[in-house]
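Enquirer: Predicted model, plus sequence, below.
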Amino acid sequence: MNYLIYQAYGNKGIINEAIYSLLSFYKALVDPLSNEIKIVIYTDDIPSIDHYFSEKDIIYRPLTKELIHEWKGNIDFVHRVKIKILQDFFLVYTDANVLYVDSDTVFKTAPNELFKAVSEGKFVMHTMEGIIKDRSNPILKKLFKYLYFNDIILSDGTKFQVSTKTQMWNAGVIGINESNKEILDKVLDFTDSLYPHFPKHIVEQFAFSYYFQTQSEIVPAESCIYHYWNFKEFRIVLSGFFERFKDKDTTFLTRKIVEIDPQRLIQPKLKYEKLSSSGRFLKRLFGKHWLSELAQPEWDK
């Protein structure tokens, strides 16, 4: 059986992201086989999500503050929760192909090919962001420096070096078959061991990346799923969207969501970020910050 898993907790912005993502998933279901995908949502706000999907066969797994605190662990790392969610899922469900997606995702197509890859024992992650040795961004530069001078020491005392030729993959999407579930123990131990010494947000995805690529092939999900991790401002649009259309049904909303596609709305921000520092200053000076273009999405005109 194929399962699509979400985690959505903590604030209304994240809940709205998950609702939007799920609407995009249902919109993408053009192949009858896609209807064989079961939805599981780990959340602390079932009513807000079920308001839009009460007629859908969604499985809710309640998240309490106490459980979230426990799953963050002694290292108090928010992204550790993702690993624990996957482990918790496999304690309950068997014979499962799992596709976990972050709330800030949009389905461009049905994920049938991704589930097929998972069923074949391959792993899925969103996109390959770079090779550590290339130091193509600030965080990879810091990771390269750390790995160059330090070994990874696991909880049992095992010590090893991680090659700087290792690929870093974005973990906004995680695809894994039940037959590979034991690898999650390694991902968790690696995360718990590294984070206290290198407390960066990418530690969990680095752990997934390292173990997945050493065991099997990683299949990219980016052609099927858009991940707008760098567009938190989209929550402003979502808040207005769901307030305006709170009484509309799923059929209406799945048609309407294309009018606030984050792939389009993020373009002014991407253009702004490519400007020089002086160019950005002039934009702000004349009141032409990119956020002013976000204030009036199409559905509000």
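Expert: In hand now; what should we look at?
Enquirer: CA atoms for contacts and neighbours, from now on please.
Expert: Fine.
Enquirer: the helices in the stretch 201-301 of the chain, which residues?
Expert: 203-215, 234-244, 250-256, 262-265, 267-273, 277-285, 291-294 (DSSP state H, counting those that start in this stretch).
Enquirer: ditto for the stretch 1-150 of the chain
Expert: Going by DSSP H, counting those that start in this stretch, the stretch 1-150 of the chain shows helices at 12-28, 46-53, 65-72, 80-92, 112-119, 138-149.
Enquirer: and the third one, what other elements does it pack with?
Expert: Going back to what we said before, that points to helix 65-72. helix 80-92 (3 or more Cα pairs under 8 Å, 6 or more residues apart in numbering; DSSP states H and E).
Enquirer: Report the buried residues of the helix it packs on.
Expert: R80, V81, K82, I83, K84, I85, L86, Q87, F89, F90 (16 or more other Cα atoms under 10 Å).
Enquirer: So of those, which two are at opposite extremes in space?
Expert: R80 and F90 (16.1 Å; Cα to Cα).
Enquirer: one step back: check the helices of the stretch 1-150 of the chain for me and report the most buried one.
Expert: helix 12-28 (a mean of 21; mean count of other Cα atoms under 10 Å).
Enquirer: chain center to that helix, what's the gap?
Expert: Relative to the centre of its chain, helix 12-28 is centred 12 Å away, using Cα atoms, centre = their mean, to the nearest Å.
Enquirer: Now tell me what touches that helix from outside.
Expert: Defining contact as Cα atoms under 8 Å, 6 or more residues apart in numbering, one finds that helix 12-28 is touched by 6-9, 45, 48-49, 52, 102-110, 235, 238-239, 242, 250, 253-255, 257.
Enquirer: angle of it against helix 46-53?
Expert: Interaxial angle, helix 12-28 versus helix 46-53 (axes from the mean of the first three to the mean of the last three Cα atoms, to 10 degrees): 30 degrees.
Enquirer: Now do helix 12-28 against helix 234-244, angle only.
Expert: Using the same axes, to 10 degrees: helix 12-28 against helix 234-244 is 70 degrees.
Enquirer: For I68, give its distance to R264.
Expert: From I68 across to R264, the span is 34 Å (Cα to Cα, to the nearest Å).
Enquirer: Please disregard the earlier target; I meant I58.
Expert: Applying Cα to Cα to I58 and R264 gives a distance of 29 Å.
Enquirer: now do I139
Expert: 27 Å.
Enquirer: And Q167, by the same measure?
Expert: Going from Q167 to R264 by Cα to Cα gives 29 Å.
Enquirer: wouldn't N177 be in contact with A117 here?
Expert: No. If you go by Cα atoms under 8 Å, N177 and A117 don't touch, sitting 9.3 Å apart.
Enquirer: Common neighbours of those two, please.
Expert: With Cα under 8 Å, 6+ apart, N177 and A117 have common neighbours F123.
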